[in-house]
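Visitor: Provided below for reference: sequence and predicted model.
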Amino acid sequence: MFVPVHDPDAALVFYRDALGLEVRLDVPSDGFRWVTVGAPGQDVDIVLFQPHGGRSQTEVTPSCRS
């Protein structure tokens, strides 16, 4: 399951600290970060990812104005 998050650290507070899921991977790459969490003893992973590589959509998509 993929869940878009704007702040991976804030998402970890909820998924790890509040729900008790374990962090399986925490991968930073060129300003982009995704974190994989899951329930201990289960093979199901939840991927927390930053939409648009952690940048605003206006930074990613150039303006189409003429």
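Guide: Now that the structure is in, tell me what you want to look at.

Visitor: list the buried residues of stretch 34-44.
Guide: Trp34, Val35, Thr36, Val37, Gly38 (16 or more other Cβ atoms under 10 Å). For the C-beta atoms, the positions are set from N, CA and C on the backbone; glycine is no exception.

Visitor: between these, which is nearest Phe49?
Guide: Trp34 (4.2 Å; Cβ to Cβ).

Visitor: contacting residues for the closest one?
Guide: Pro8, Leu25, Val27, Val47, Leu48, Phe49, Gln50 (Cβ atoms under 8 Å, 6 or more residues apart in numbering).

Visitor: among these, name the ones in helices.
Guide: Pro8 (DSSP state H).

Visitor: widest-spaced pair of the contacts of Trp34?
Guide: Counting by Cβ to Cβ, the most remote pair of the contacts of Trp34 is Leu25 and Gln50, 14.3 Å apart.

Visitor: neighbour count winner among these two?
Guide: Gln50 (18 against 11; other Cβ atoms under 10 Å).

Visitor: in this structure, which residue is most central in space?
Guide: Phe49 (2.3 Å; Cα atoms, centre = their mean).

Visitor: surely that residue touches Met1?
Guide: No. With contact defined as Cβ atoms under 8 Å, Phe49 does not count as touching Met1 (11.0 Å).

Visitor: contacts for stretch 7-22?
Guide: Counting by Cβ under 8 Å, 6+ apart, residues outside stretch 7-22 touching it are 3, 5, 23, 33-35, 37-40, 46, 48, 50.

Visitor: TSV for these, including distance to Phe14?
Guide: Output for these, formatted as TSV (distance: Cβ to Cβ, whole Å):
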residue	distance to Phe14
Val3	10
Val5	9
Val23	13
Arg33	16
Trp34	16
Val35	12
Val37	10
Gly38	14
Ala39	14
Pro40	17
Ile46	11
Leu48	10
Gln50	15
